[in-house]
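Q: Provide a 3D model corresponding to the input given below.
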Amino acid sequence: MNASPRPATTPAGAQRPLRVVLAEDSVLLREGLIRLLVDSGFDVVDACGDAESFLRSVGVHRPDLVIVDVRMPPTFTDEGVRAALVIRSEHPDIAVLVLSQYVEENYATELVAGRSHGVGYLLKDRVADVADFIDALKRVAAGGTALDPEVVSQLLSRARRRDPLERLTPRETEVLQLMAEGRSNTAIAAALVVTEGAVEKHVSSIFSKLDLPPTETDHRRVLAVLRWMDRHEEP
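A: Numbers count the residues shown, from 1 in each chain. Below is the predicted model:
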């Protein structure tokens, strides 16, 4: 344990305070958060300065909520948010709030998309009101969400930038390329030395990944080929 959290007291008959494990490498910020949380009625059962001890502590204490920074020792890159993803996977009953100066788009997307409840991602520099921050922690611990508007904006921007063709497997990409050459499923099967049934499954998967549901008016094969040509057209 890297700090000295003070457990919150619980009057007789009162609801048990929310148990928190905190991961923050900055000593001053860590101590400040401990005091703020305890004064707000939380039970800070541990406060850690690195991701490794944080994961061990969560396994031991099984808190209601964890608060973790993105960049932690030893490399100060993404240890904290990667630890948050481990907790989401191994302890799905534990709420997770990332509190950082940075928006790590890849990990933020995975964190939110994996299970969109009991999760938060707030930016330190944009926390302007203590009461709002405490409310966000309680909301996340209760199974809700708390996402900074800047985080939401960047995730939406990332989603718009993402090329749906990137979802295809290498084999599906080969199939789509041959479709773009005007080949039938039979010809594609012969070219790839697979069964025609296998090609049909690949084509169906391509339509699904390119968000091309069956309709009465649109020809999905043509639309899929157009997307391929749009990506590969000469500049």
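
Q: domain assignment for the protein?
A: Following automatic domain parsing, one finds the domains of the chain at 19-161, 164-232.

Q: highest mean neighbour count out of the ones you listed?
A: For the domains of the chain, the largest average neighbour count (mean count of other Cβ atoms under 10 Å) is found in domain 19-161, namely a mean of 18. For glycine as for every other residue, the C-beta is placed from the backbone atoms N, C-alpha and C.

Q: can you give the contact residues for stretch 129-139?
A: Contacts with stretch 129-139, where a contact means Cβ atoms under 8 Å, 6 or more residues apart in numbering, come from 18, 20, 36-37, 40, 42, 65, 67, 97, 120, 122, 127, 145-146.

Q: if we can go back for a sec, now mean pLDDT too, for the domains of the chain, in JSON lines please.
A: Listed next are those as JSON lines, based on pLDDT from 0 to 100:
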{"stretch": "domain 19-161", "mean pLDDT": "89"}
{"stretch": "domain 164-232", "mean pLDDT": "84"}
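
Q: can you give me the helices for the protein?
A: Counting by DSSP state H, one finds helices in the chain at the ranges 27-39, 51-61, 79-90, 105-114, 130-141, 149-161, 170-180, 185-192, 196-209, 220-232.

Q: can I get those in CSV with distance to Arg71?
A: Written out in CSV, the entries for these read as follows (distance: least, Cβ to Cβ, whole Å):
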stretch, distance to Arg71
helix 27-39, 13
helix 51-61, 10
helix 79-90, 6
helix 105-114, 11
helix 130-141, 20
helix 149-161, 16
helix 170-180, 34
helix 185-192, 45
helix 196-209, 33
helix 220-232, 34
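
Q: and stretch 144-151, how far apart are its ends?
A: Between the opening and closing residues of stretch 144-151 lies a distance of 16 Å (Cα to Cα, to the nearest Å).
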